[in-house]
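Student: Could you look at this predicted model? Sequence included:
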Amino acid sequence: MAKVTLKEYSQNDQWLFPPSIGSFVPPNSPARLVSDIVDQLDITEVMDTYCGGGTSSYHPRMMLKVIFFGYMNNIYSCRKIEKQMSENVLYMWLSGNQHPDFRTINDFRSKHLKTTINRLFVQVVVMLCEMGCLSLREAYIDGTKIESRANRYTFVWRKSVEKNRSKLESKIRSILSQIEEGIAQDNHTDDDPTTPINSEELKERIARINRENLSKADTKAMKELENKMLPKLEEYERKLSALGERNSYSKTDLDATFMRMKEDAMNNGQTKPGYNLQIATSRQFITWFSLFPNPTDTLTFIPFVSEFQSTYGSPLEETTADSGYGSEENYTYLENEGITPFVKYNYFHKEQHRPFKTNPFIVNNLHYNAEADYYVCPMGQHMEYMDTIRNVSDNGFVSYSSIYEARNCHGCPLRSQCHKSAGNRRVSVNHNLNRLKKIAFDLLISEEGLRRRSRRPIEPEAVFGQIKTDMGYKRFRHFGKDLVMMDFGILATAFNLKKLWKRVAKTAFFVRYCKIQPSKMAIQGFLSIPESVVHFSEQERLAA
């Protein structure tokens, strides 16, 4: 049997010339990508958040590198990031072998990135756009609901607050009517309209009451009015102020709204406090994000697109979204902005099925004479124009629907199939919406529309899946919209860096380039190589 030879092993060897930490970092490590990108960011706004004075501060570029790299590796806890800087050589290299504690990391996030992370995120997106990795002329838009950190059972509902406030106001009026001088009970009738009583008005009326001649019962009522009812009225006012236009909020996170989530473990439709996260993607990179209290996506579209355009200073050319965004208000906005709308509407797929197309009683299938402005029912009877109804949406958008009525449906043999109302059949038609839907329909069934419809499920929906499943980001970790936006801004930046690394690491040109210049990595190298090499082909994108 051959003799076994073992290499010499000692944990206490000392080196005469200690090696650099960077020598332990592979030349194709994602840590080098993060380092090169952060070195090129303009951090002027971050520096402006420092007050100066006192002891020296850790360099913000170092803090950004460590935090971005931590989020890239699904490490969101400040304590875990602190631990990595003592155990992981990649974090040691990024931090320059400095060791800020978890409080310092948390303070940097909450104090210095709270108002500046969006600007840093935009810089990274613009950098990716210049590299040809994405386009700011197109946007695939979608939304998802992510649960807040707030307590799931400390909720406030608008209906409950308004109901209890109404009861309290009735009690207050009853007490005031008994003890105020010069106010007789018979001077107020039940038919008189009652106006809401606010806390300031109640304080003034209490101050005007002369307490010297009050009876014992009235004195007791006054104490109850001051010590119990007035504070309760002020509490209801604070709750209504926190609600704003919403129907609910959480007591532990005033910005979170109760919504139904897809992640429903009990399968009972239970509402949970959360935010409606809207993102825009291009080639699976996040190009913009925002949070909304609206449970539905329809009302979020216009403010989201407006934020996108104002942020980058260039108008969108095309946008793709699902049927949750297909409303007259959104179509009108896109038309006025000159944006091509590859946006579905509710009945887009149903309209293409044979049962819908062959049903002669559906309003869409009735013949319309545009010159004489009348519809023709299946029996050949004219349905004449009767009236125009004005509708106002929650956003204040005004739309108009025209009403058409048949002359005489009595004795019609098709009446049971046509309609069930007692009188003649009436139909309501929004001509402007039909025109906009026809434009969207023609775009969606075109060759370009089919391509975009096939890519939409692998754009924002795939991004949401990667964020929630691969990165384990299923619930926000902070209280308040500002801190939640800060945290997701870091995540979105780290997500783009991670996506960039995975894509370039899988391309053959990156391997060849590393062999040529192993000392230069990522962004610095991309900016110096030919444009034809920087741009990804469609095959490379799909492969990545």
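Tutor: It's in. Please read all numbers here as calculations on a predicted model, not as lab measurements. Numbering: from 1, shown residues only.

Student: Return the residues in contact with residue 307.
Tutor: 288, 290 (CB atoms under 8 Å, 6 or more residues apart in numbering). Every residue, glycine included, has its C-beta placed from N, CA and C.

Student: again, only this time at 10 Å
Tutor: 118, 278, 280, 288, 289, 290 (CB atoms under 10 Å, 6 or more residues apart in numbering).

Student: and the residue nearest the centre of the chain, what helix or strand is that in?
Tutor: Nearest to the mean C-alpha position of the chain, counting by CA atoms, centre = their mean, stands residue 277 at 2.4 Å. If you go by DSSP states H and E, residue 277 is part of strand 271-282.

Student: Mind listing residues that contact the helix or strand encompassing residue 435?
Tutor: Using DSSP H and E, residue 435 falls within helix 431-444. Outside helix 431-444, the residues within contact range by CB under 10 Å, 6+ apart are 318, 320, 326-332, 334-335, 340-348, 351-352, 363-364, 368, 370, 373, 399-402, 430, 449-450, 452-453.

Student: State the next helix or strand along the chain beyond that helix.
Tutor: For helix 431-444, the following helix or strand on the C-terminal side (DSSP H and E) is helix 447-455.

Student: Report the buried residues of that following helix.
Tutor: Across helix 447-455, burial judged by 16 or more other CB atoms under 10 Å covers 449, 452, 453, 455.

Student: Please report the distance of residue 40 from residue 136.
Tutor: Remark: distance between residue 40 and residue 136 (CB to CB, to the nearest Å) = 19 Å.

Student: any chance of the buried residues of helix 447-455 in a markdown table, plus distance to residue 383?
Tutor: Output for those, formatted as a markdown table (distance: CB to CB, whole Å):
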| residue | distance to residue 383 |
| --- | --- |
| 449 | 33 |
| 452 | 37 |
| 453 | 35 |
| 455 | 42 |
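
Student: now the helix holding residue 435 against helix 447-455, angle please.
Tutor: Helix 431-444 runs at 80 degrees relative to helix 447-455, counting by axes from the mean of the first three to the mean of the last three CA atoms, to 10 degrees.

Student: average pLDDT across helix 431-444?
Tutor: The predicted model gives helix 431-444 an average pLDDT of 94.

Student: cool, stretch 205-219 as well?
Tutor: Regarding stretch 205-219, the rounded mean pLDDT is 74.

Student: got it, and stretch 12-22?
Tutor: 77.

Student: Low-confidence bits of the stretch 251-400 of the chain, can you list those?
Tutor: Scanning the stretch 251-400 of the chain for pLDDT under 70 picks out the ranges 264-268.

Student: any idea where the helices of it begin and end?
Tutor: Remark: helices assigned in the stretch 251-400 of the chain by DSSP state H, counting those that start in this stretch are 301-312, 328-337, 354-357.

Student: now the stretch 51-200 of the chain
Tutor: According to DSSP H, counting those that start in this stretch, the helices that the stretch 51-200 of the chain contains are 60-72, 78-87, 89-94, 102-107, 117-130, 158-179, 199-208.

Student: With residue 14 as the reference, name the closest of the ones you listed.
Tutor: helix 89-94 (18.6 Å; CB to CB).

Student: three-state assignment of residue 402?
Tutor: strand (DSSP: H, G, I helix; E, B strand; the rest coil).

Student: Let the chain start at 59 from now.
Tutor: Okay, residue one is now 59; in that scheme the one you just asked about reads as residue 460.

Student: count of neighbours near it?
Tutor: Residue 460 has 16 neighbouring residues, counting by other CB atoms under 10 Å.

Student: the strands in the protein, which residues?
Tutor: In chain order, the chain shows strands spanning 196-205, 213-215, 306-308, 315-318, 329-340, 343-350, 376-379, 398-401, 425-427, 432-434, 440-450, 456-464, 484-487, with DSSP state E as the criterion.

Student: if we can go back for a sec, just the angle for the helix holding residue 493 relative to helix 386-395, thanks.
Tutor: Using the same axes, to 10 degrees: helix 489-502 against helix 386-395 is 70 degrees.

Student: Please export the C-alpha coordinates of helix 489-502 as PDB.
Tutor: Extracted in PDB, the C-alpha atoms of helix 489-502 (Å, rounded to 0.1, in the frame of the first residue of the first chain):
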ATOM      1  CA  HIS A 489     -69.000  56.200 -27.400                       C
ATOM      2  CA  ASN A 490     -65.600  57.600 -26.400                       C
ATOM      3  CA  LEU A 491     -64.700  54.500 -24.400                       C
ATOM      4  CA  ASN A 492     -65.800  52.300 -27.400                       C
ATOM      5  CA  ARG A 493     -63.500  54.300 -29.700                       C
ATOM      6  CA  LEU A 494     -60.600  54.000 -27.300                       C
ATOM      7  CA  LYS A 495     -61.200  50.300 -26.800                       C
ATOM      8  CA  LYS A 496     -61.200  49.800 -30.600                       C
ATOM      9  CA  ILE A 497     -57.800  51.500 -30.800                       C
ATOM     10  CA  ALA A 498     -56.400  49.300 -28.100                       C
ATOM     11  CA  PHE A 499     -58.000  46.200 -29.600                       C
ATOM     12  CA  ASP A 500     -56.300  46.800 -33.000                       C
ATOM     13  CA  LEU A 501     -53.000  47.300 -31.300                       C
ATOM     14  CA  LEU A 502     -53.300  44.200 -29.200                       C
END
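
Student: Show me which residues of it are buried.
Tutor: Result for helix 489-502 [16+ other CB under 10 Å]: buried residues 491, 494, 495, 498, 499, 501, 502.

Student: could I get those residues as TSV with distance to residue 128?
Tutor: TSV is the format used below for the buried residues of helix 489-502 (distance: CB to CB, whole Å):
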residue	distance to residue 128
491	48
494	46
495	47
498	43
499	47
501	43
502	42
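
Student: How far off centre is the helix holding residue 493?
Tutor: Distance, stretch centre to chain centre, for helix 489-502: 27 Å (CA atoms, centre = their mean, to the nearest Å).

Student: go on, stretch 363-376?
Tutor: 16 Å.

Student: Next: stretch 72-92.
Tutor: The answer for stretch 72-92 is 40 Å, by CA atoms, centre = their mean.

Student: would you turn the buried residues of helix 505-513 into a markdown table with distance to residue 453 and pLDDT?
Tutor: Below are the buried residues of helix 505-513 laid out as a markdown table (distance: CB to CB, whole Å; pLDDT from 0 to 100):
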| residue | distance to residue 453 | pLDDT |
| --- | --- | --- |
| 507 | 27 | 93 |
| 510 | 26 | 93 |
| 511 | 27 | 92 |
| 513 | 29 | 92 |
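
Student: For the closest residue to residue 312 other than its chain neighbours, give me its contacts.
Tutor: The shortest distance from residue 312 to any non-neighbouring residue, by CB to CB, 6 or more residues apart in numbering, is to residue 300 (5.0 Å). Going by CB under 10 Å, 6+ apart, residue 300 touches 214, 219, 307, 308, 309, 312, 313.

Student: Neighbours of the last one, how many?
Tutor: Spelled out, it's residue 313. When neighbours are counted by other CB under 10 Å, residue 313 comes out with 22.

Student: these two touch, right, it and residue 306?
Tutor: No: at 11.8 Å, residue 313 does not count as touching residue 306 under the criterion of CB atoms under 10 Å.

Student: Give the residues shared as contacts by the two.
Tutor: 331, 351.

Student: If anything else comes up later, I'll come back, but that's it for now.
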